[in-house]
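Engineer: What shape does this take:
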Amino acid sequence: MNEDIRGVLRDYIAASSLVRSPGPLTDSTSLAVDGVLDSIAVLELVLFLETRFGVEFSMRDLDRRRLSSIEQIAALVTEKLAQKAATRPLKEQDP
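Structural biologist: The predicted structure follows:
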């Protein structure tokens, strides 16, 4: 699942008009430090992820360290998906 999320992130970054030319982009590239994402692009990315994965980010999640790289963002989305699955009522959960 985490690798799928990373692929979605890579595709989004490659296609986004708000993203500066990332040059060589790896899962550990520092998106802010290397100038790939500015603050507006980060907000757009968060909105995209909330819609795409049906999760909700809190203000605490918007910390630069949690959104610093593709691997960090994928881990955060994975965490949010696990929280969402754990809080669904039993009748909605898969057997």
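Engineer: so how far is Glu50 from Leu25?
Structural biologist: Separation of Leu25 from Glu50 (Cβ to Cβ, to the nearest Å) stands at 22 Å. Heads up, the C-betas are built off the backbone N, CA and C, glycines and all.
Engineer: higher neighbour count, those two?
Structural biologist: Leu25 (18 against 14; other Cβ atoms under 10 Å).
Engineer: Which secondary structure state does the more buried one sit in?
Structural biologist: The assignment at Leu25 comes out as coil when based on DSSP: H, G, I helix; E, B strand; the rest coil.
Engineer: Can you tell me how far it is from Leu31?
Structural biologist: For Leu25, the distance to Leu31 equals 9 Å [Cβ to Cβ].
Engineer: if I look at Phe57, how far off is Arg88?
Structural biologist: According to Cβ to Cβ, Phe57 and Arg88 sit 18 Å apart.
Engineer: So those two - more neighbours on which side?
Structural biologist: Each of Phe57 and Arg88 has its neighbours counted (other Cβ under 10 Å); Phe57 has more, 16 against 10.
Engineer: Thanks a lot, catch you later.
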